[in-house]
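*Asks:* show me how the following folds:
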Amino acid sequence: MSRETAYARMLDASAKLQWNVAMILEAKAVEAEKVRSWLCNHVTPEAYAEQQEHLKETLLVHEQLIEVIDGLTKLNQGMVSVLRATLRHNIQEPEGQSMGNMFGGNFDAGDRVE
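*Replies:* All right, here's what the predicted structure looks like:
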């Protein structure tokens, strides 16, 4: 397998991973809205005899959210590493052998699509 093919496969895998992360985030957003609605209706000062119990329940919810955010951050850092490796490869390649030319155009990492 050539380097270009390997890097193209890395980019394809990264794109698929990003799609899956988007689907996970969409599902988490729906779940978070349900949790928010439940919390607003059920976690009230009247539902708990003591303030400490109320605080404990609230902290448990926040800890779960922090774990999800931490996991997504680590996943995104891995995806950034893949993209950096690919971009470094493009910069080190002599003109005419970069992956940008493989797709029929000059790829410039600084170009933005808006």
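*Asks:* and the residue nearest the centre of the chain, what does it touch?
*Replies:* Taking Cα atoms, centre = their mean, the centroid of the chain lies closest to residue 76, which sits 4.6 Å from it. With contacts defined as Cβ atoms under 8 Å, 6 or more residues apart in numbering, the neighbours of residue 76 are residue 21. C-beta coordinates here come from the backbone N, C-alpha and C atoms, glycine included.
*Asks:* and it, what element?
*Replies:* Element membership for residue 76 (DSSP states H and E) is helix 51-92.
*Asks:* next: residue 32.
*Replies:* Assigned by DSSP H and E, residue 32 belongs to helix 3-42.
*Asks:* now for that helix, which elements pack on it?
*Replies:* helix 51-92, helix 99-102 (3 or more Cβ pairs under 8 Å, 6 or more residues apart in numbering; DSSP states H and E).
*Asks:* can you flag the weakest of those helices by average pLDDT?
*Replies:* Of all those, the minimum mean pLDDT falls on helix 99-102 (a mean of 46).
*Asks:* now the helix holding residue 76 and helix 3-42, what's the angle there?
*Replies:* Put simply, helix 51-92 runs at 160 degrees to helix 3-42, going by axes from the mean of the first three to the mean of the last three Cα atoms, to 10 degrees.
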